[in-house]
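Participant: okay, predicted coordinates and the sequence, questions at the end:
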Amino acid sequence: MNNLEQLNRQQQLAVLHGEGPLLILAGAGSGKTRVITHRIARLILEEGVRHWNILAVTFTNKAAREMAERVRFLMGSDDIPLISTFHSACGRILRKDIAALGYESSFVIYDDKDSERLLKDLINNLNLDEKRFPAKAIGARIDDCKNRGLLPDKLSESELWNRRFIEIYAAYQESLRRCNALDFGDLILQTVRLFEHNPDLLAYWQNRFQWLLVDEYQDTNPAQYQLIRLLAGERKNLCVVGDDDQSIYSWRGADIRNILEFEKDFPGVTVIRLEQNYRSTSTILKAAGSVVSRNIGRKVKTLWTENKDGEMIRLVTLENDRLEARFVITEIQALAQQGLDLTQIAVFYRTNAQSRLLEEALTAEGIPYRLVGGVRFYSRMEIKDVLCYLRMLENPADEISVKRIVNVPSRGIGAATLERVSEISVTKQMTLHDAFEYACSSEMLASGTRKKVSAFVELMRGLRVKAATSTLSELVKSVLNDTGYLMRLKESHDPDDAERVENLAQLVSAVEEFSAATPNATLADFLEQVALVSDLDQGGTGANAITLMTLHSAKGLEFDTVFMVGMEDRLFPHIMTFDDRDGMEEERRLCYVGMTRARERLYLLNARRRMVFGMEQTNLPSRFLKEIPKEYICKGTDKRNISSQPHIRPSGTVSSLKSHNLASVTPVADELVIVPEVSDDICENCIGLKVRHAKFGVGTIRKTEGHGDNQKVVVWFSESGPKKLLVRYAGLERV
DNA sequence: TTGAACTCGGTTTTT
DNA sequence: CCGAGTTCAA
């Protein structure tokens, strides 16, 4: 590898640094991933470090995958180090050594929904008022403690922590243990505990990972920091890379002091600054810099670039959120017409809820998109149900899963029976799972219920045999079929259920893909993957698609063209941060992160009115917009005839938005021309009407919901069954 | 016990 | 607007 000359002086220093701690302060787009990947490659190829002695930690799976990809490419080999998130790395460590903490290695990982369920049950069992102790808030507080490395025994009552909370927290930990389950926070914290209590194990892992690299270091929380310090041990071959201007996870316990105090904890640390930006146009970089420079609490630095000025930043105000979505879509169509690569276009928003409108519009126009995050595939009801069957098979102690699936699909085992069996499990000191078996072989249930319970227990036995003998994908199919789950959905007339069937098919292919990629993988491996790898690539992998995501998930990525939508006070900056200076500064950093993702073209959009909570809200433009110097901005006007809404038309008409081009955004003076929107109720009374859809063919309208632009119809198509469609976009024709 | 019809409360960001 | 929880009839 002789490509050091591709790197600038500072980057070279970082790559060449040998043993001992290294802190890299890397501004946005300054090539930090490049530095990390080159450094890894160099350690292995030039310094003779063996790849399994290196651990690189990133914040998202996406980032981990990308980094692995680049290292593989750089080295021309598949023998690359472990590159993963903190959580995955800890999962791996614990899978091997958790017995030392009294858990079984078949432990499950609870997501926050699971934890909340557990907490809720527990709060009820303690006879506490759910109003005074809301599971969600308690869960958040527990998570907060875990992020700071605090288990219940470490919370002294002299602090603000009240006794009740500590009690609940302790009970919660106990429940987790009973279920042989860990929550997200536990993954880090229990690993720390493992190391603290087992010097031999710590030594083993220190020896295993002699070289550590941590990306997005500004977002580590104290527990994670503790973990790194433990692993780094006396060798201190620790390289961390971060940027205080991109710290956007303080709400998850990230502590900026981890950067500031690094120099104290690792005396003699080498500090390297990367300040040349290679990513964005000078215009974008200066505009973003101007925004973030308003923050008080920041290390002053100047990012510079040799890139050309490039295009102006386009600032466009739309009348409402739907028009904002429409604008994005037509603009993308125009860009695509000019030959732009859709994979190089991204839309960022502050809250996940904002994706819906965009998705609907994109789907209607047939623009392929990839949604990152959002309602996670694996947390959809039907997917989670199936996963709970699998989890229970792997780990029968998992009460949350057992409770969830015992009556799904409904098999006559209701709340009363569950209560009864729960009692048995307590008095007989057995797991809930075993209590079901016990209950049907005893006289403790009425004969009717006993029959039902027996059937359930038999079902489980059958599945357990399959779990032991068949492949993963066969097992999943058995769960779908033997339980009658799939059948119930297929028989249903609800169009949502039709979608669920499709999602389950997707799950099966995900399982098959997983098995193909990792041939010796077990059920446990799959479940861990599912729990920790949140984003199954949806909507056409690798396809020519634009990307939709929150500003938070955008960190670490870059695109030629970026749309930031919902640039409005109350939404972004979010209203929750209005009376909190630190919170507001974090929002501003988020804005900086978003802007600096763009290489060439940046659109900032705001809507005057927006639907929130189902009510229309009027918002002012984001204060961050005013922090961008005027000379970098051109305000746009939307000149299109936006009142021509596609709707049900007499036969023959095809609605289209194609006749627009990029000129739709033109520089104008300060004044914006806003064309009011026309919204007409299309089919007041159209149930029974026969319609034709471009893709689905002919069908009959069975149901309508909503009004105006939000009007939806359920159409039963003779070929493809029931579908729920948005009238505005469906392009239905009367037959 | 089930499922439909209803109320109520809540939404920032994620591993 | 959405989902979770509750109520009520069968």
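Facilitator: In hand now; what should we look at?
Participant: against A:Val347, how distant is A:Ile367?
Facilitator: Note on A:Ile367: its distance to A:Val347, by CB to CB, to the nearest Å, is 11 Å. C-beta here means a position set from N, CA and C on the backbone, and glycine is covered the same way.
Participant: which ones are touching A:Leu472?
Facilitator: For A:Leu472, the contact set (CB atoms under 8 Å, 6 or more residues apart in numbering) comprises A:Val511, A:Phe514, A:Ser515, A:Ala521, A:Leu523, A:Phe526.
Participant: re earlier: A:Ile367 and A:Val347 - which one has more neighbours?
Facilitator: A:Val347 (26 against 19; other CB atoms under 10 Å).
Participant: in a helix, that's where that one is, yeah?
Facilitator: No. Using DSSP: H, G, I helix; E, B strand; the rest coil, the assignment for A:Val347 is strand, not a helix.
Participant: about what we covered before: nearest to DNA strand B, of the contacts of A:Leu472?
Facilitator: A:Phe526 (16.7 Å; CB to the nearest atom of the strand).
Participant: interface residues of the stretch 201-350 of chain A facing DNA strand B?
Facilitator: A:Ile248, A:Trp251, A:Arg252, A:Arg350 (CB under 7 Å from any atom of the strand).
Participant: so which bits of the stretch 51-200 of chain A are right by DNA strand B?
Facilitator: Counting by CB under 7 Å from any atom of the strand, the residues of the stretch 51-200 of chain A near DNA strand B are A:Phe59, A:Thr60, A:Asn61, A:Thr85, A:Phe86, A:His87, A:Ser88, A:Asp111, A:Asp112, A:Lys136, A:Phe184.
Participant: in strands, which of those residues appear?
Facilitator: Among those, the ones falling in strands (DSSP state E) are A:Thr85.
Participant: how near is whichever residue of the stretch 601-735 of chain A sits closest to DNA strand B to A:Glu587?
Facilitator: Across the stretch 601-735 of chain A, the shortest distance to DNA strand B (CB to the nearest atom of the strand) belongs to A:Phe613, at 4.1 Å. Distance, A:Phe613 to A:Glu587, by CB to CB: 21 Å.
Participant: between those two, which one's more packed in?
Facilitator: A:Glu587 (23 against 7).
Participant: so which residue is dead centre in chain A?
Facilitator: Central residue of chain A (CA atoms, centre = their mean): A:Gly373, 3.6 Å from the mean position.
Participant: list the contacts for the residue nearest to it when sequence neighbours are not counted?
Facilitator: Leaving aside its chain neighbours, A:Gly373 sits nearest to A:Ser553 (5.0 Å; criterion: CB to CB, 6 or more residues apart in numbering). Residues near A:Ser553 by CB under 8 Å, 6+ apart: A:Thr60, A:Lys62, A:Val372, A:Gly373.
Participant: distance of A:Ser553 relative to A:Met67?
Facilitator: 16 Å.
Participant: check A:Thr33 too.
Facilitator: Distance from A:Thr33 to A:Met67, by CB to CB: 6 Å.
Participant: give me the common contacts of these two.
Facilitator: A:Asp215.
Participant: who has more neighbours out of the two?
Facilitator: Neighbour totals were compared for A:Thr33 and A:Met67, and A:Met67 leads with 23 against 19 (other CB under 10 Å).
Participant: residue contacts, the closest residue to the more buried one other than its chain neighbours?
Facilitator: Using CB to CB, 6+ apart and skipping residues adjacent in sequence, the residue nearest A:Met67 is A:Ile83, 5.2 Å away. By CB under 8 Å, 6+ apart, the contact set of A:Ile83 is A:Ala56, A:Thr58, A:Ala64, A:Met67, A:Ala68, A:Val71.
Participant: assign a three-state SS to the residue of the stretch 451-600 of chain A found nearest DNA strand C, would you?
Facilitator: Proximity of the stretch 451-600 of chain A to DNA strand C (CB to the nearest atom of the strand) peaks at A:Asp496, 8.9 Å away. Three-state call for A:Asp496 (three-state DSSP): helix.
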